[in-house]
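*Asks:* Next come a sequence and a model predicted from it.
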Amino acid sequence: LSLARAGEVLRAGSRVLFMDADVYYHDDLLKALISSGHETCIILDRNFVPGEEPVKTCVRDNQIVDFGKKVSEPHDLIGEWPGFLTMAPDIAQRVAERADELAQGDMPGYVYEDVFCDVLKASEPGTFGYEDVTGIPWIEIDFPEDRERAQNEIRAKIAAYRPMGERVGDAAE
């Protein structure tokens, strides 16, 4: 329902930045997304613990083929979605329409990721691009233990993080 409530923004005719509000992250995560050459772009982190909770992005032959907590499409790369994506105006419009459809129906159990997946699967291959943000520190804070991990571990990783080209010892000879 929250995605359907954003219909005015999704239909405004501009590129849309979607962000989960419960993610603590290094700025480079967002920079990788907004500087991507893909107008509609999902970020993914290959370093994750598989299970039912993570929202997964599946890629085959460099194309996103599945997205969500439950994925079934064959893939050669999989990563967790940190909760951020960008949408071209036409994709944002389609997301608004699909969110409205699901909000009008009696479809318990649907979550907003299902809307993105439905639009992804109905789009031409290559419409949705991706950026691999593996190695950039972030955490989604859903549970008290996530908050503790953010304070005790992720905060230090964010402070210490340096992009590959800026790390000590990475200078070209």
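*Replies:* Received the coordinates, thanks.

*Asks:* Next, find the distance separating the spatially closest residue to residue 72 that is not a sequence neighbour from residue 6.
*Replies:* Closest residue to residue 72 apart from its sequence neighbours, by Cβ to Cβ, 6 or more residues apart in numbering: residue 66 at 6.6 Å. Any C-beta I mention is one placed from the backbone N, CA and C, and that applies to glycine too. Using Cβ to Cβ, to the nearest Å, we find residue 66 at a distance of 24 Å from residue 6.

*Asks:* neighbour count winner among those two?
*Replies:* Each of residue 66 and residue 6 has its neighbours counted (other Cβ atoms under 10 Å); residue 66 has more, 19 against 16.

*Asks:* returning to that earlier point: could you list every residue that touches the residue nearest to residue 72?
*Replies:* By Cβ atoms under 8 Å, 6 or more residues apart in numbering, the contact set of residue 66 is 56, 57, 58, 72, 73, 75, 117, 121.

*Asks:* buried sites along whichever helix or strand it is part of?
*Replies:* Following DSSP states H and E, one finds residue 66 within strand 63-68. Using 16 or more other Cβ atoms under 10 Å as the test for burial, strand 63-68 gives 64, 65, 66, 67, 68.

*Asks:* Which single one of those is nearest to residue 97?
*Replies:* Proximity of the buried residues of strand 63-68 to residue 97 (Cβ to Cβ) peaks at residue 67, which lies at 17.7 Å.

*Asks:* Skip the chain neighbours and tell me the closest residue to the closest one.
*Replies:* residue 117 (4.4 Å).

*Asks:* tell me the secondary structure for that neighbour?
*Replies:* Secondary structure, DSSP: H, G, I helix; E, B strand; the rest coil: residue 117 is helix.

*Asks:* Number of residues surrounding it?
*Replies:* As a burial measure, residue 117 scores 21 neighbours (other Cβ under 10 Å).

*Asks:* Ok, residue 33 next?
*Replies:* Applying other Cβ under 10 Å, we find 22 residues neighbouring residue 33.

*Asks:* Any figure for the gap between the nearest residue in space to residue 116 that is not next to it in sequence and residue 156?
*Replies:* Excluding its sequence neighbours, the residue lying closest to residue 116 (Cβ to Cβ, 6+ apart) is residue 67, at 5.9 Å. Per Cβ to Cβ, residue 67 is found 31 Å from residue 156.

*Asks:* Same question for residue 139.
*Replies:* Going from residue 139 to residue 156 by Cβ to Cβ gives 12 Å.
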